[in-house]
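# Quick one, fold the following:
(one chain, ligands or ions: 1)
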Amino acid sequence: MTQPSSAEPGALGRPARRASKRQSAPWFTAPWRDRAGRVSPFKIAVLAGCILPALYMTAQWSTGTFTGRPLNQAMLMTGVWAVWFLLLSLAVSPARSIFGLGKLIQVRRMLGLAAAAYTLAHLVFYVLMEGANLPFVVSEIINRFYLTIGFIAVLGFVALAVTSTDASIRRLGGRWKWLHRLVYPIAVLSLWHFFLTQKIDVTLAVLPTGLFLWLMLWRGLPPVIERQLVSLFLLALAAGAATIAVEYAWYALATFVPASRVLDANWHFGPRGPRPSFWVTLDGLAVFLAALVWRWLPGHDKIGVALTR
Ligand code: HEM
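Next up is the predicted model:
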């Protein structure tokens with residue numbers, strides 16, 4: 001199992017490798033530079049990808065494409081992007097291990113910080129939406145369960161973001177790793193909040209939850225089999241089945257919708273297309289196929305190094 005190690009950055013940060021490096025590590029590295037201070041095209045590309053949703057929303061807002069209430073739209077979109085960036089940051093470890101792309105680690109902190117930034121923007125838009133009436137916002141957060149758990153997740157994001165600096169990693173030592181494992185409960189709270197914000201149809205929330213289940217199942221694999229193709233194949237099927245189970249349980253326990261009908265929809269495509277379990281299984285199989293092709297590709301090590309430079 002690839003847990004964050006002392007030589008490896010967590011979702012929102014990165015420990016220094018050795019004592020000598022610890023002493024010489026600069027207090028700030030521009031996000032487009034690698035550890036050696038060189039400009040990294042790979043990091044520039046990932047940074048651009050992190051900023052792109054914000055630019056897209058700004059463009060939509062300024063051109064009046066946001067329908068109805070722009071603040072509400074911006075609030076919803078930033079919430080969704082926060083979830084996806086969180087999942088991307090969690091996907092770095094499996095991607096490194098399965099494809100042998102060690103240097104992917106250099107963008108994990110960036111992806112985690114992007115998740116934290118979109119979450120904070122989400123909260124700010126919510127406050128603005130409520131006319132910046134802070135006493136009202138506080139009472140809402142206290143009284144509405146879905147906001148309470150969202151707020152706890154935000155606090156977690158803030159804790160991880162502020163301790164993601166190299167200086168914090170040095171200061172906290174071994175405790176840093178434990179602190180940054182909070183990313184998993186934070187992800188659970190964020191997804192739970194996502195479910196609760198959906199009125200009846202939770203399809204939008206089930207998809208990222210299914211992918212999160214894939215990531216958690218992968219983390220649970222013994223290290224000796226986490227890269228094996230057969231494991232990845234079975235993992236795709238297991239994540240799909242787990243997605244069906246979570247979706248069924250949600251409808252059965254939290255709604256009046258007949259859960260058996262939703263379950264049934266997993267076996268055939270309705271007018272609204274396949275259920276999330278289909279996409280989760282497909283994504284899992286895509287990872288399996290990509291790993292298969294990658295290993296078969298001559299010189300894939302060199303390609304990997306070139307891609308993440
Ligand atoms: C104090 C913290 C938070 C507040 C006040 C808050 C508030 C809200 C509100 C009011 C909604 C819309 C509910 C509705 O339409 O009825 C919402 C939706 C959502 N929130 Fe939050 N939220 C918080 C934290 C979070 C966190 C930590 C995440 C994830 C990282 C998140 C992700 C989402 C998502 C994905 C949606 C659904 C968007 C959609 O339906 O398109 N929120 N939130």
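
# Run through who's touching stretch 76-84.
Stretch 76-84 is contacted from outside by 53, 57, 115-116, 118-119, 121-122, 125, 190-191, 194, 197, 204, 208, using Cβ atoms under 8 Å, 6 or more residues apart in numbering. Quick note: C-beta positions are derived from backbone N, CA and C, even for glycine.

# what about that stretch, distance to the chain center?
10 Å (Cα atoms, centre = their mean, to the nearest Å).

# Kindly report the same for stretch 169-186.
17 Å.

# again, but for stretch 184-193
10 Å.

# give me the number of residues near residue 126?
21 (other Cβ atoms under 10 Å).

# For the host helix or strand of it, list the C-alpha coordinates in PDB.
For residue 126, the element it lies in under DSSP states H and E is helix 108-129. Taking Å, rounded to 0.1, in the frame of the first residue of the first chain, the C-alpha atoms of helix 108-129 are listed here in PDB:
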ATOM      1  CA  ARG A 108       0.300  16.600  -5.600                       C
ATOM      2  CA  ARG A 109       0.600  19.700  -3.400                       C
ATOM      3  CA  MET A 110      -0.600  21.900  -6.200                       C
ATOM      4  CA  LEU A 111      -3.700  19.800  -6.800                       C
ATOM      5  CA  GLY A 112      -4.500  19.700  -3.100                       C
ATOM      6  CA  LEU A 113      -4.100  23.400  -2.800                       C
ATOM      7  CA  ALA A 114      -6.300  23.900  -5.800                       C
ATOM      8  CA  ALA A 115      -9.000  21.800  -4.000                       C
ATOM      9  CA  ALA A 116      -8.600  24.000  -0.900                       C
ATOM     10  CA  ALA A 117      -8.800  27.200  -3.000                       C
ATOM     11  CA  TYR A 118     -12.000  26.200  -4.800                       C
ATOM     12  CA  THR A 119     -13.500  25.100  -1.400                       C
ATOM     13  CA  LEU A 120     -12.700  28.500   0.100                       C
ATOM     14  CA  ALA A 121     -14.100  30.300  -3.000                       C
ATOM     15  CA  HIS A 122     -17.300  28.100  -2.600                       C
ATOM     16  CA  LEU A 123     -17.700  29.300   1.000                       C
ATOM     17  CA  VAL A 124     -17.000  32.900   0.000                       C
ATOM     18  CA  PHE A 125     -19.700  32.700  -2.700                       C
ATOM     19  CA  TYR A 126     -22.100  31.200  -0.200                       C
ATOM     20  CA  VAL A 127     -21.500  34.100   2.200                       C
ATOM     21  CA  LEU A 128     -21.900  36.600  -0.500                       C
ATOM     22  CA  MET A 129     -25.100  34.900  -1.700                       C
END
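
# and that helix, what does it pack onto?
Under the contact definition 3 or more Cβ pairs under 8 Å, 6 or more residues apart in numbering; DSSP states H and E, helix 108-129 sits against helix 41-62, helix 70-99, helix 134-143, helix 145-162.

# How about that helix, which residues are buried there?
108-123, 125-127 (16 or more other Cβ atoms under 10 Å).

# How about the residues of this protein by the ligand?
76, 79-80, 82-83, 86, 119, 122-123, 126, 141, 147, 150-151, 153-154, 190, 193-194, 197 (Cβ under 6 Å from any ligand atom).

# is it true that residue 263 touches residue 248?
Yes - contact status for residue 263 versus residue 248: in contact at 5.0 Å, counting by Cβ atoms under 8 Å.

# Could you report the pLDDT at residue 101?
At residue 101, the model reports a pLDDT of 89.

# Would you mind measuring from it to residue 108?
For residue 101, the distance to residue 108 (Cβ to Cβ, to the nearest Å) stands at 12 Å.

# returning to that earlier point: can you list the helices and strands packed on helix 108-129 in a markdown table and add mean neighbour count?
Formatted as a markdown table, the helices and strands packed on helix 108-129 follow (neighbours: other Cβ atoms under 10 Å):
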| stretch | mean neighbour count |
| --- | --- |
| helix 41-62 | 15 |
| helix 70-99 | 21 |
| helix 134-143 | 12 |
| helix 145-162 | 18 |
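
# Let me have those helices in CSV, adding distance to residue 307 as columns.
As requested, the helices and strands packed on helix 108-129 are exported to CSV (distance: least, Cβ to Cβ, whole Å):
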stretch, distance to residue 307
helix 41-62, 7
helix 70-99, 10
helix 134-143, 43
helix 145-162, 27
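
# what is the mean pLDDT for the helix holding residue 126?
97.

# Could you list the low-pLDDT ranges of this protein?
Along the chain, segments meeting pLDDT under 70 span 1-27.

# domains of it?
The chain breaks down by automatic domain parsing into domains covering 68-197, 202-303.

# Do I have it right that residue 145 meets residue 196?
Yes - counting by Cβ under 8 Å, residue 145 touches residue 196, with 7.1 Å between them.
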